[in-house]
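Enquirer: Any chance you could fold what I've pasted below:
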Amino acid sequence: MNVQLRVADDWVEVCERARLTPGRGLAALLPDGRQAALFLDRGGRAYAIDNLDPFTGAAVLSRGLLGTADGRPFVASPLLKQRFDLETGRCLDDDEVAVETHPVRIA
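Expert: Predicted coordinates for the structure are as follows:
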């Protein structure tokens, strides 16, 4: 099985499903040169957001810690600890900041 992200109007294969470990992130290079941060929660659901931390400009979100707040899955940046909702990309600590999310499928 492979993990695919929707980028623009196309599904792009980014890695094998076996490379994802529940509770840990993985960075993937997209065709346009950006990076996505891929996550698999302990329930088996996959998420993808941009890997670039908007507060520092560093490509580090894939190395963040996963958690939940009010039932919402998030990743906390490993640098300044801002939390980003994995479903919406919204920063839980600053309503004016968000990262892009990418639809994911495992095929």
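Enquirer: Going by C-alpha atoms from here, please, whenever you check contacts or count neighbours.
Expert: Noted.
Enquirer: In three-state terms, label L80 for me.
Expert: coil (DSSP: H, G, I helix; E, B strand; the rest coil).
Enquirer: would you say R105 is within a strand?
Expert: Yes - membership of R105 in a strand is supported by three-state DSSP.
Enquirer: Tell me who's in contact with the closest residue to it other than its chain neighbours.
Expert: Using Cα to Cα, 6 or more residues apart in numbering and skipping the chain neighbours, the partner closest in space to R105 is Q4 (5.3 Å). Contact analysis of Q4 by Cα atoms under 8 Å, 6 or more residues apart in numbering lists 11-15, 104-107.
Enquirer: let's see 6 Å
Expert: Residues in contact with Q4 (Cα atoms under 6 Å, 6 or more residues apart in numbering) are 11-14, 104-105.
Enquirer: from those residues, which would you call buried?
Expert: With burial judged by 16 or more other Cα atoms under 10 Å, the buried subset of these is 12-14, 104-105.
Enquirer: Tell me the bridge partners for the residue nearest to R105.
Expert: For Q4, the residues forming beta bridges with it (DSSP bridges) are E13, R105.
Enquirer: Would you mind measuring from it to R72?
Expert: Q4 sits 23 Å away from R72, going by Cα to Cα, to the nearest Å.
Enquirer: What are the neighbouring residues in contact with V14?
Expert: By Cα under 6 Å, 6+ apart, the residues touching V14 are 3-4.
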